[in-house]
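Chemist: sequence and predicted structure are below.
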Amino acid sequence: MERTLGIVKPDAVKAKHTGKIIDAYLEAGLRIVGMKMVHLSPEQAKGFYYVHKERPFFNDLVAFMTEGPVVLLCLEGENAISRNRDLMGATNPANATEGTLRKRFGANIERNAVHGSDAPETAAFEIGYFFNAFELV
Ligand code: IDP
Ligand code: MG
């Protein structure tokens, strides 16, 4: 059993895709064990994406992730991390497989609708960054 962090990013929340994305997680057999809507501050977004702080797109990414509310989800299931990455599709929606969340709802390499942890270590960091033990059922 594994846990991963999913985020419905501000573009997808604004476009009213939250319900469809949550439905896709559930249909894929991922259980929701934590969920909340928040509007991230710049400091919170920078801390979450600190691994990318030297990347040229970092400031734009922080601006994007703070432009409106996001939905944070802790998802659980067997191989939840890689299964969620498969469900999401490639970072750039143009390269994403048909039917994936980023193909369905992403606009471009930045505004790509969803986040998903990419490894057990990052999942542990990301879940702990946003949820405390009492918020996970
Ligand atoms: P991932 O979300 O598929 O794991 P990462 O490389 O970890 O992709 O990048 C984190 C986020 O940063 C992406 O989801 C996307 O929103 C943004 N991003 C990644 N690469 C670029 C880029 O080349 N230009 C603009 N934004 C990018
Ligand atoms: Mg990543």
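Modeler: Ah, there it is. Ligands and ions are numbered 1, 2, ... in the order given.
Chemist: show me what from the protein comes close to ligand 1.
Modeler: Residues of the chain lying close to ligand 1 (C-beta under 6 Å from any ligand atom) are His52, Phe57, Leu61, Thr91, Ile109, Glu110, Asn112, His115, Asp118. All C-beta spots, glycine's among them, are computed from the backbone N, C-alpha and C.
Chemist: hey, where'd the strands end up in this protein?
Modeler: Per DSSP state E, the chain carries strands over the ranges 2-8, 31-38, 70-77, 114-116.
Chemist: any chance of the ones you listed in JSON lines, plus mean neighbour count?
Modeler: Shown next, in JSON lines, are the strands of the chain (neighbours: other C-beta atoms under 10 Å):
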{"stretch": "strand 2-8", "mean neighbour count": "24"}
{"stretch": "strand 31-38", "mean neighbour count": "15"}
{"stretch": "strand 70-77", "mean neighbour count": "23"}
{"stretch": "strand 114-116", "mean neighbour count": "25"}
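Chemist: so which of the ones you listed is nearest Phe125?
Modeler: Taking C-beta to C-beta, strand 2-8 is the member of those nearest to Phe125, at 8.8 Å.
Chemist: other SSEs contacting the closest one?
Modeler: With contacts defined as 3 or more C-beta pairs under 8 Å, 6 or more residues apart in numbering; DSSP states H and E, the packing partners of strand 2-8 are helix 18-27, strand 70-77, helix 80-88, strand 114-116, helix 120-130.
Chemist: chain center to that strand: distance?
Modeler: Relative to its parent chain, strand 2-8 has a centroid offset of 6 Å by C-alpha atoms, centre = their mean, to the nearest Å.
Chemist: re earlier: pick the one among the residues of the chain next to ligand 1 closest to Arg3.
Modeler: Arg3 lies nearest to Asp118 out of those, by C-beta to C-beta, at 13.5 Å.
Chemist: phi first, then psi, for the closest one.
Modeler: When quoted as degrees, to the nearest 10, the phi and psi of Asp118 stand at phi -110, psi 0.
Chemist: residues near the residue lying closest to it once chain neighbours are set aside, how many?
Modeler: Leaving aside its sequence neighbours, Asp118 sits nearest to Arg85 (C-beta to C-beta, 6 or more residues apart in numbering; 6.5 Å). When neighbours are defined as other C-beta atoms under 10 Å, Arg85 has 17 of them.
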